[in-house]
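Participant: Got a sequence here, can you model it:
(one chain, ligands or ions: 1)
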Amino acid sequence: MEPRLPVHIGNAAISSLVRYCRDNQMNQLTLVADQNTYAALGESVEHALGEHEFDVNTIVLTGEEIIADEHYIVQVLLQADEKDRVYIAVGSGTITDITRFVSHRTQAPFISVPTAPSVDGFTSIGAPLVIARLKQTIVTQPPVAVFADVPTLCAAPHRLIASGFGDIVGKFTSIADWRLGNLLWDEPYDAAIAHRARQAAQACASHAGGIGQASEQGIRCLMDGLIESGFCMLDFGNTNPASGAEHHVSHYWEMKLLWENRPAILHGEKVGVACILVARYYDQIRQMSQRQATDRLDHAALPDREQELRRIRAAYGPIAETLIGEQAPFLDMSGHTYDSLKQRIVDSWSHIQEVAAAVPSAEELTSMLKTAGALTDAADLGLSHDEVATAMQMAHYCRNRLTVVKISRMLGIHWQDG
Ligand SMILES: [Zn+2]
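Facilitator: Below you'll find the model as predicted:
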């Protein structure tokens, strides 16, 4: 397990940050923010550090929509100077990811100062970047410390708060998918980490009202949950504890919007809506007996490889060939392997039922998200019925994982059912 990096979530985050920098002789700093996060908190951080005689180079990124892409990465590099400085990212996910990448590649540490409880990736090692309009996650570094100012988090635009709630609610399906992958596809799994991630999601679910009102208690709980989810990924060494079918659906939509030059949708907004859709599969599985599952699997034919390749190429365009390579364990399955997988599903049915029982119903998730002020319908995100249907059928090809989507397909369950 990685040693825990210090995380301060409270009402005196700036003074704690100043103390931390002083105690660690971090005297030269580069502060990265955008215009909104500079106004919300960056200016106060800059001022407090200046008062204590720190040497601060401030970079405020400008533009309609800040993206973690080559343009903004170069902006930070251009405005950085030749001194050895510790980076401070004051912002939500995007500013943090730009800073995470630049600091890592210039061999400098960085401190995360989140301005909104919008994602669980603040402590992540990976930086999701958009390069040549393709999204890729680059291995970089986690921050050396996190300082989150609760009044600033509470005052964040509600869409960002609701997005953080969507990301944390997504753990209900991601943990279930992770366990299924372990039961049926031998994916590595850690029950203690899964338990921690689930507790974090559960705690936020029971504070949905407070989160919807942006109360101090609600927002603290959300930020604690997001940080804990981030630690689950760091401790496990990959994103499995926090990313299942709901994230694959979200990634698919994100790629499509990028290719079509459409405005981005917040990560957690997509994840929250996708989580409801994925939960419908679990709703169906909960109602299915082992007998019914066996009958349905008897009728499941091995996917026609050529037809699948055509569908992947149509859905994924420029990255289709890479995905086809990664999907070899599934696409190249022999009839014999497919039959053993079916048998494994039947033999594990009582475990699968336990996993499904721990996932809130699509209806419960909808109500939770609404209470927290989040969107629950793909149409409200500007996504068409076709885009939902394609994502539900094809998004599982984003990653070589055995989630409820692949299993539901074998069981002949459709996302519209129920
Ligand atoms: Zn996420």
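
Participant: Quick one: neighbours of Leu78, just the number.
Facilitator: For Leu78, the neighbour count with other C-beta atoms under 10 Å is 8. C-betas here are computed from N, CA, C, even on glycine.

Participant: Please identify which helix or strand holds it.
Facilitator: helix 70-79 (DSSP states H and E).

Participant: what pairs with the helix or strand just after that helix, and is each one parallel or antiparallel?
Facilitator: For helix 70-79, the following helix or strand on the C-terminal side (DSSP H and E) is strand 86-91. In the sheet, strand 86-91 lines up against strand 28-34 (parallel), strand 110-114 (parallel) (DSSP bridges).

Participant: quick one: the longest one to helix 70-79, angle?
Facilitator: Just to be clear, that refers to strand 28-34. Orientation check (axes from the mean of the first three to the mean of the last three C-alpha atoms, to 10 degrees): strand 28-34 against helix 70-79 gives 150 degrees.

Participant: buried set for whichever helix or strand comes after strand 28-34?
Facilitator: The helix or strand immediately downstream of strand 28-34 is helix 35-37, counting by DSSP H and E. Using 16 or more other C-beta atoms under 10 Å as the test for burial, helix 35-37 gives 36-37.

Participant: got the contact list for helix 35-37?
Facilitator: Helix 35-37 is contacted from outside by 60-62, 90-92, 95, 115, using C-beta atoms under 8 Å, 6 or more residues apart in numbering.

Participant: What is the subsequent helix or strand relative to it?
Facilitator: Downstream of helix 35-37, the next assigned helix or strand under DSSP H and E is helix 43-51.

Participant: Would you mark the buried spots in that next one?
Facilitator: Within helix 43-51, the residues that count as buried by 16+ other C-beta under 10 Å are 43-46, 48-49.

Participant: ok, now stretch 177-189?
Facilitator: Buried residues in stretch 177-189, counted by 16+ other C-beta under 10 Å: 177-185, 187, 189.

Participant: Pull the CA coordinates from that stretch and hand them back as PDB.
Facilitator: Output of stretch 177-189 as PDB, limited to C-alpha atoms (Å, rounded to 0.1, in the frame of the first residue of the first chain):
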ATOM      1  CA  ASP A 177     -18.700  -5.000 -11.900                       C
ATOM      2  CA  TRP A 178     -15.300  -5.400 -10.300                       C
ATOM      3  CA  ARG A 179     -16.500  -8.400  -8.200                       C
ATOM      4  CA  LEU A 180     -18.200 -10.000 -11.300                       C
ATOM      5  CA  GLY A 181     -14.900  -9.700 -13.200                       C
ATOM      6  CA  ASN A 182     -13.200 -11.400 -10.300                       C
ATOM      7  CA  LEU A 183     -15.800 -14.200 -10.000                       C
ATOM      8  CA  LEU A 184     -16.100 -14.900 -13.700                       C
ATOM      9  CA  TRP A 185     -13.000 -13.600 -15.500                       C
ATOM     10  CA  ASP A 186     -10.300 -14.000 -12.800                       C
ATOM     11  CA  GLU A 187      -9.600 -10.200 -12.500                       C
ATOM     12  CA  PRO A 188      -7.600  -9.300  -9.400                       C
ATOM     13  CA  TYR A 189      -9.800  -8.100  -6.600                       C
END
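
Participant: For the stretch 201-350 of the chain, just list every one of the helices.
Facilitator: Under the criterion DSSP state H, counting those that start in this stretch, the stretch 201-350 of the chain contains helices at 208-212, 216-236, 245-259, 267-286, 290-298, 305-316, 320-326, 328-331, 335-347, 349-357.

Participant: buried set for stretch 198-205?
Facilitator: With burial defined by 16+ other C-beta under 10 Å, the residues of stretch 198-205 counted as buried are 198, 200-202, 204-205.

Participant: Among those residues, which one sits closest to Tyr38?
Facilitator: Cys204 (28.3 Å; C-beta to C-beta).

Participant: wait, isn't the closest one in contact with Met223?
Facilitator: No: at 9.7 Å, Cys204 does not count as touching Met223 under the criterion of C-beta atoms under 8 Å.

Participant: Just to check, Asp177 is in contact with Ala242?
Facilitator: No: with contacts defined as C-beta under 8 Å, Asp177 does not count as touching Ala242, sitting 10.8 Å away.

Participant: shaky segments in this protein?
Facilitator: For the chain, residues meeting the criterion pLDDT under 70 lie at 1-3, 417-418.

Participant: Would you map out the domains in it?
Facilitator: As given by automatic domain parsing, the domain ranges for the chain are 7-156, 160-411.

Participant: Please state the offset of the first one from the chain centre?
Facilitator: Read that as domain 7-156. Counting by C-alpha atoms, centre = their mean, to the nearest Å, domain 7-156 is centred 19 Å from the centre of its parent chain.

Participant: distance between the ends of that domain?
Facilitator: 19 Å (C-alpha to C-alpha, to the nearest Å).

Participant: what's the answer for stretch 165-177, then?
Facilitator: Counting by C-alpha to C-alpha, you get 19 Å between the two ends of stretch 165-177.

Participant: again, but for stretch 252-270
Facilitator: One end of stretch 252-270 to the other measures 10 Å (C-alpha to C-alpha).

Participant: Name the residues of that stretch that are buried.
Facilitator: Residues of stretch 252-270 classed as buried: 252-258, 265-270 (neighbour count, 16+ other C-beta under 10 Å).

Participant: Dump the residues you listed to JSON lines, plus distance to Asp339.
Facilitator: Output for these, formatted as JSON lines (distance: C-beta to C-beta, whole Å):
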{"residue": "Tyr252", "distance to Asp339": "29"}
{"residue": "Trp253", "distance to Asp339": "34"}
{"residue": "Glu254", "distance to Asp339": "36"}
{"residue": "Met255", "distance to Asp339": "33"}
{"residue": "Lys256", "distance to Asp339": "35"}
{"residue": "Leu257", "distance to Asp339": "39"}
{"residue": "Leu258", "distance to Asp339": "39"}
{"residue": "Ile265", "distance to Asp339": "40"}
{"residue": "Leu266", "distance to Asp339": "42"}
{"residue": "His267", "distance to Asp339": "38"}
{"residue": "Gly268", "distance to Asp339": "39"}
{"residue": "Glu269", "distance to Asp339": "40"}
{"residue": "Lys270", "distance to Asp339": "36"}
